[in-house]
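[1] prediction below, plus the sequence it came from.
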Amino acid sequence: MDLINRSQPNSVALETTLLVHGVPTEAAQPLNDELAQIVTDQGSHPTLIGLVNGKPTVGMTDSELASMLNSDSVLKANTANLGVAMYQQVHAATTVSTTMELASAAGVRVFATGGIGGVHRGYGEHLDISSDLTAFTRFPVAVVTSGVKSILDVESTREALETLGVLVVGYQTDSFPAFYLRESDAQVDVRIDDAQELAELVSSELERTGRGIVVANPIPSEHELDQSDWNAWLSDAQQHAEKVGALGRDATPTILARLHQVSEGATLRANLELVKSNATVAGKLAAHMSSIHT
């Protein structure tokens, strides 16, 4: 792969999809700056990943991000259409799966995101499973995440990770978190409370297995959504998605947009807070892992 690689040994990968498709355009650069500072404060190197004019770039500059944000249309790239974006030489924002792919190619071993994709509700009627899950079997990257997005089937996603042989480590938690919610009915494989111990396990397992690792970090308790409010908002958003006929790749962004609307921005605020928390943990993890290998 013809890759622009500006990473460092203690890099933390950050995705462009959150900035390009997840927040208002005017909020993207300030959010990127804030996440970068959080990672830097933990002793690690923030490394934004995306496709700039079709060129896979690990460690985008502010000017490259600005070019992407000022574009009329930016593709949302997953592992299926990443090669198409490269061939067409267009800007593309990387999702979890493609950020993992490019991070792995550059030797970056830690990635901070919000929530991973997973098994969609109603999978028994129509097969809809995120490519994020199989990416863990191909790319040895530790992904710090607040679990799986709560709009999906959380327990089935956890079962799928088990089936795929993906280690799920709970950072200061026994429960597999559900994005806006700190707990679900699913459990983690092991709980670790200390960042140095986490780094030792992650380093060992990435090398041993060549697979990715889920580092589950719950949303901070003060930013967790109320369960009853969340249930009501999700029901409304799902009904809206069905009404407008949003299916496949269109379903998730339609539901998320509706959730933002009916919650009066509460879901977006929670999303941003959990991403910041994950960036903090990822920064600590990368710093400790770097010290192990020096």
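    Here it is on my side, so go on.
[2] name the helix or strand of the chain that has the lowest mean pLDDT.
    Ranked by mean pLDDT, DSSP states H and E, the weakest helix or strand in the chain is helix 251-262, scoring a mean of 86.
[3] tell me what that one is packed against?
    Other elements packing on helix 251-262 under the criterion 3 or more C-beta pairs under 8 Å, 6 or more residues apart in numbering; DSSP states H and E are helix 227-244, helix 266-292. Glycine gets a C-beta too; all of them are placed from N, C-alpha and C.
[4] let's have these in JSON lines, adding mean pLDDT.
    Below are those laid out as JSON lines (pLDDT from 0 to 100):
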{"stretch": "helix 227-244", "mean pLDDT": "91"}
{"stretch": "helix 266-292", "mean pLDDT": "96"}
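[5] tell me the confidence at the nearest residue to residue 66 once chain neighbours are set aside?
    Distances taken as C-beta to C-beta, 6 or more residues apart in numbering place residue 29 nearest to residue 66, at 7.1 Å, with adjacent residues excluded. What the model reports as pLDDT for residue 29 is 96.
[6] ok, residue 29 - how many residues close by?
    14 (other C-beta atoms under 10 Å).
[7] tell me which of the helices and strands packed on helix 251-262 sits most buried.
    Mean neighbour count, computed with mean count of other C-beta atoms under 10 Å, is highest for helix 266-292 among those, reaching a mean of 22.
[8] in JSON lines, list the helices and strands packed on helix 251-262 along with distance to residue 117.
    Below are the helices and strands packed on helix 251-262 laid out as JSON lines (distance: least, C-beta to C-beta, whole Å):
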{"stretch": "helix 227-244", "distance to residue 117": "16"}
{"stretch": "helix 266-292", "distance to residue 117": "14"}
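[9] closest one to residue 257 among the ones you listed?
    Proximity to residue 257, assessed across the helices and strands packed on helix 251-262 by C-beta to C-beta, is greatest for helix 227-244 (8.4 Å).
[10] circling back: who wins for proximity to residue 102 among the helices and strands packed on helix 251-262?
    Ranking those by distance to residue 102, with C-beta to C-beta as the measure, places helix 266-292 first at 16.1 Å.
[11] from the chain's centroid, how far away is that closest one?
    Helix 266-292 has its C-alpha centroid displaced from the chain centroid by 10 Å (C-alpha atoms, centre = their mean, to the nearest Å).
[12] got it, and stretch 134-144?
    On C-alpha atoms, centre = their mean, the centre of stretch 134-144 falls 11 Å from the chain's centre.
[13] give me phi/psi at residue 226?
    Dihedral angles of residue 226 (phi, psi; degrees, to the nearest 10) stand at phi -70, psi 130.
[14] OK, contacts around it?
    For residue 226, no residue meets the contact criterion (C-beta atoms under 8 Å, 6 or more residues apart in numbering).
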